[in-house]
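J.: For reference, the sequence and a predicted model appear below.
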Amino acid sequence: MNKKILFHISFLAGLLALLASPCLAADVSINLDPSVINISAFYNGSSVKLSGTIPAKAEAFIRLSGLKREIHLKKKGKVAGILWMNTGDVTFNDVPDTYILLTSSGLKDEIDSPQSSLGFTALEKQIDVEPADSDKSFLIREFVKLQKKNLVYASDADAVQYATAAGGLRTFTAVATIPPKMKPGTYTIEVFALENGAVTGTATKTLTVKETGFPKQLSNLAFNHSLLYGIMAVLVALVAGLITGVLFKGKGGVH
């Protein structure tokens, strides 16, 4: 009998603790519009509208990340103090191929803060660099700069807008720019509710980027019918060369 009473007391205590927690799972939500992006023949990037809710006293930090991959790059350095040359190979393991951060001005320091578990510096804990004796922090910073130039890593500290809080919640909206170089695949979009620098709740949705129409057919041809794809590539190059030769010959003959 006493064991049953203790069980019920423990259950009620746990339930009350959950209800008293600063952020219930239902308090944090995120929606995508659209949730699927189609890459067609004239695709040049796109955008996704984000919206959701967080607790009234929290701020939203949104992270879009792609699949983790292994990337091989050449390391450059000065030889004899004069010439810049390739001095070795560097391998980055567990690298997200896309990493886009969106937040409001109140959380802009989280993007590059060394203490942040969400910003770019958090990548140092996720990514492994080979060879192991490399200057990991320096190489990852340089890698992030390179990815930012390719627009697949980005941040916007003014992207998130808030509506007036009501019922202990407030609604947020943001627009995520999808760069043309984002590869087909499945991407994770997360929203973190932050209060006083601590994550008090999260919500996650999936964004799908896929090829359609001619790009899909071309990709299928390249991967599944490589011989035919190679022959077609050679024929296209020959035809393009012939057309170019005729055009320049025609221009040269005009006086």
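T.: On my side now, so go ahead. All of these numbers come straight from a predicted model, not from anything done at the bench.

J.: Between the two ends of stretch 168-188, how far is it?
T.: Terminal residues of stretch 168-188 are spaced 27 Å apart (Cα to Cα, to the nearest Å).

J.: Just the mean pLDDT for that stretch, thanks.
T.: Stretch 168-188 shows a mean pLDDT of 95.

J.: buried stuff in that stretch?
T.: 169-172, 174-178, 182, 187 (16 or more other Cβ atoms under 10 Å). Every residue, glycine included, has its C-beta placed from N, CA and C.

J.: distance between stretch 62-81 and the chain's centre?
T.: 15 Å (Cα atoms, centre = their mean, to the nearest Å).

J.: List the buried residues for it?
T.: If you call a residue buried by 16+ other Cβ under 10 Å, then stretch 62-81 has these buried ones: 62-66.

J.: and that stretch, what's its mean pLDDT?
T.: Mean pLDDT, computed over stretch 62-81, is 83.

J.: heads up, I number from 9, so please use that
T.: Will do, 9 is the new start, and the previous item becomes stretch 70-89.

J.: is K76 in a bridge, and if so with what?
T.: P104 (DSSP bridges).

J.: Tell me where the stretch 159-263 of the chain has strands.
T.: Under the criterion DSSP state E, counting those that start in this stretch, the stretch 159-263 of the chain contains strands at 161-164, 169-170, 177-186, 193-203, 206-219.

J.: strand partners of the longest one, parallel vs antiparallel please.
T.: In other words, strand 206-219. By DSSP bridges, strand 206-219 pairs with strand 44-47 (parallel), strand 193-203 (antiparallel).

J.: closest one to D117 among those?
T.: Checking those against D117 by Cβ to Cβ gives strand 193-203 as the closest, at 11.2 Å.

J.: What angle do strand 177-186 and the closest one make with each other?
T.: Using axes from the mean of the first three to the mean of the last three Cα atoms, to 10 degrees, the direction of strand 193-203 lies 140 degrees away from that of strand 177-186.

J.: How far away from the center of its chain is strand 193-203?
T.: Relative to where its chain is centred, strand 193-203 has its mean C-alpha point 10 Å off (Cα atoms, centre = their mean).

J.: And stretch 40-51, by the same measure?
T.: 16 Å.

J.: What's the end-to-end length of it?
T.: Stretch 40-51 end-to-end distance (Cα to Cα) = 20 Å.

J.: Can you give me the buried ones in it?
T.: Within stretch 40-51, the residues scored as buried using 16+ other Cβ under 10 Å are 40, 45-47, 51.

J.: One more: stretch 195-212?
T.: 195, 197-202, 208-211.

J.: for stretch 57-68, same thing?
T.: Residues 58-63, 66-68 are the ones in stretch 57-68 that count as buried (16+ other Cβ under 10 Å).

J.: which of the residues you listed lies closest to Q155?
T.: Nearest to Q155 among those: L58, at 21.4 Å, using Cβ to Cβ.
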